[in-house]
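[1] can you look at this prediction? I've put the sequence above it.
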Amino acid sequence: MRLSHALIPTLKQTPAEAQIASHRLMLRAGLVRQTAAGIYAWLPAGWRVLQNISRIVREEQDRAGAQEMLMPTLQTADLWRESGRYDAYGPEMLRIRDRHERDLLYGPTNEEMITDLARSAIQSYRELPQILYHIQWKFRDEVRPRFGVMRGREFLMKDAYSFDVDYEGALVSYRRMMLAYLRTFQRLGLRAIPMLADTGPIGGDLSHEFIVLAPTGESQVFYDSDFETFDFEKSEFRYDDPSDLERLHALINGYYAATSEKHDEARWEQVPAARRREGRGIEVGQIFYFGRKYSDPMKFGVAGPNGTMITPEMGSYGIGVSRLVGAIIEASHDEAGIIWPDSVAPFRAAILNLRVGEATCDHLAETLYAKFAGAALLDDRDERAGAKFADADLMGHPWQIIVGPKSAAAGRVELKRRGTGERFDLSLDDALARLL
RNA sequence: CGGGGCGUAGCUCAGCCUGGUAGAGCACCUGCUUUGGGAGCAGGGGGCCGGAGGUUCGAAUCCUCUCGCCCCGACCA
């Protein structure tokens, strides 16, 4: 993308409404614009980030054996009356009436709909287990939206739902998602710690929430510092081995980690003092086992092996995809701007042509740009060097490739690593070899 | 939902108390100079002062109503 023709409206000054770092930086870096309270438009660079996160989430869900699908944003009220949640959910649910006076709602979550789909399509225990997911916009009419996309009313969520014939199976599904989540957050460059959680309005008795550590987080958290050392991406845990998954679950539950609501002072005291960590955190995902909470009232039964009906055991598993954008920035920024992890950055590199119009610089910058095939942002604006450096730092590209008149004459460029500030003076070929 | 605050140019804000030709900085456009950390000079464009009523000869300014947004608290992917 060429910055001279891209809609990436960076701001020098911070808009008055933004209080926390991620919100300020998302607006200043031109990722989003607010269109109403808690509702945001994703501009080109922000949309690329959202897609990168979605891609990683999708890859890990698929690896765990979940199947992607897509459910509608609008749902009929009747479905929710069946589960009893139409009245229970309260004013957070956006209720809509169509021209025929039928009650609809903009989905805040999809347990009812997926259960309805499952009961009409699944007839036999042989078709289980199933894990289905989609990445879809949700709406929850929060009383007080704030913190930009971290606490918006409309948000993008990955929600998965599992169906199993019995509790043992449901536990396996639950643990599969646990492993998928640990891997996903790690790939996103985050340290997300699973903590035992309340099950809330969704119900059930087995739940973990995944908390990213950040000073501006909404929850107070306590955890064992050993969580900081686990590497789940390279771990030997296998999805298709229930005993591996059981070991993982035991490992996670074996170390102390809790939000203030679930904090247990007695257990906390048993953690060696040197390993006790306290801080603030942002919830970026939660997994639930809730048994037959929906399959029962919605009469979802499948034929069992001996011909009698079985009511499937269910779980649901959410990741706040759009919230993650804010959470990642909260966890990774400095005075100058965002520091994107490589995996989610809107552009792998920014090519800063410091002297647009000068033949050697232009040629070098264009040559580099072509090699990246769309993965790089070319700053070809007629701006001074300082403005380009400032914007590149603000936007947080993992790498800056600086094409200046001095080095360009010698066919060399300067590479700057945003996260560390390291600089490398390299030939064009060496620079490309390093980044591609 | 309780409490507080703010709506004036794309952004940050002044002007309002004490009514009288709508402002500044940044951004934008033109030109010249400049060119490795948000340049300088000159010229220029851009506003139904959130909206509706009212008071007044006259309203950004005073009054009433309304809409929107933000912050603190109680609640949440």
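    Nice, I can see it.
[2] closest residue of the stretch 251-400 of chain A to RNA strand B?
    RNA strand B sits closest to residue A:386 of the stretch 251-400 of chain A, with a gap of 2.5 Å, by Cβ to the nearest atom of the strand. The C-beta positions use only the backbone N, C-alpha and C, and glycine is treated the same way.
[3] which pLDDT value goes with that residue?
    pLDDT, residue A:386: 96.
[4] mind listing the strands for the stretch 1-150 of chain A?
    A:32-36, A:39-42, A:67-68, A:74-76, A:94-97, A:103-106, A:130-139 (DSSP state E, counting those that start in this stretch).
[5] and the average pLDDT for the longest one is what?
    Read that as strand A:130-139. Across strand A:130-139, the average pLDDT comes to 97.
[6] tell me which other helices or strands that strand touches.
    The contact analysis (3 or more Cβ pairs under 8 Å, 6 or more residues apart in numbering; DSSP states H and E) places strand A:130-139 against helix A:44-63, strand A:67-68, helix A:111-121, strand A:154-164, helix A:167-187.
[7] apply 10 Å and report the result again.
    Judged by 3 or more Cβ pairs under 10 Å, 6 or more residues apart in numbering; DSSP states H and E, the packing partners of strand A:130-139 are helix A:44-63, strand A:67-68, strand A:103-106, helix A:111-121, strand A:154-164, helix A:167-187, strand A:313-320, helix A:321-331.
[8] what separates that strand from the chain centre, distance-wise?
    13 Å (Cα atoms, centre = their mean, to the nearest Å).
[9] likewise the fifth one?
    Its chain's C-alpha centre and that of strand A:94-97 lie 27 Å apart, by Cα atoms, centre = their mean.
[10] sheet partners, orientation included, of it?
    Sheet pairing here is set by DSSP bridges, and for strand A:94-97 it gives strand A:103-106 (antiparallel).
[11] show me which residues of the strand it pairs with are buried.
    A:104-106 (16 or more other Cβ atoms under 10 Å).
[12] that one close to RNA strand B?
    No - on the criterion Cβ under 7 Å from any atom of the strand, strand A:103-106 is out of touch with RNA strand B, staying 13.7 Å away.
[13] taking the mean pLDDT, what do you get for stretch A:420-427?
    Here stretch A:420-427 scores 97 as its mean pLDDT.
[14] buried sites along it?
    For stretch A:420-427, the neighbour count (16+ other Cβ under 10 Å) marks residue A:426 as buried.
[15] residue A:218 is nearest to which of the helices and strands packed on strand A:130-139?
    Ranking the helices and strands packed on strand A:130-139 by proximity to residue A:218 (Cβ to Cβ) places helix A:321-331 first, at 10.7 Å.
[16] who's in contact with the closest residue to residue A:85 other than its chain neighbours?
    Once flanking residues are discounted, residue A:85 sits nearest to residue A:112: 7.0 Å by Cβ to Cβ, 6 or more residues apart in numbering. Counting by Cβ atoms under 10 Å, 6 or more residues apart in numbering, residue A:112 touches A:75-76, A:78-86, A:294, A:297-298.
[17] recalculate using a threshold of 7 Å.
    Taking Cβ atoms under 7 Å, 6 or more residues apart in numbering as the criterion, residue A:112 is in contact with A:79-80, A:82-83, A:85, A:294.
[18] would you turn the residues you listed into JSON lines with distance to residue A:333 and neighbour count?
    Shown next, in JSON lines, are these (distance: Cβ to Cβ, whole Å; neighbours: other Cβ atoms under 10 Å):
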{"residue": "A:79", "distance to residue A:333": "41", "neighbour count": "19"}
{"residue": "A:80", "distance to residue A:333": "40", "neighbour count": "23"}
{"residue": "A:82", "distance to residue A:333": "45", "neighbour count": "16"}
{"residue": "A:83", "distance to residue A:333": "41", "neighbour count": "18"}
{"residue": "A:85", "distance to residue A:333": "38", "neighbour count": "22"}
{"residue": "A:294", "distance to residue A:333": "40", "neighbour count": "27"}
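[19] right, I'll call it a day here.
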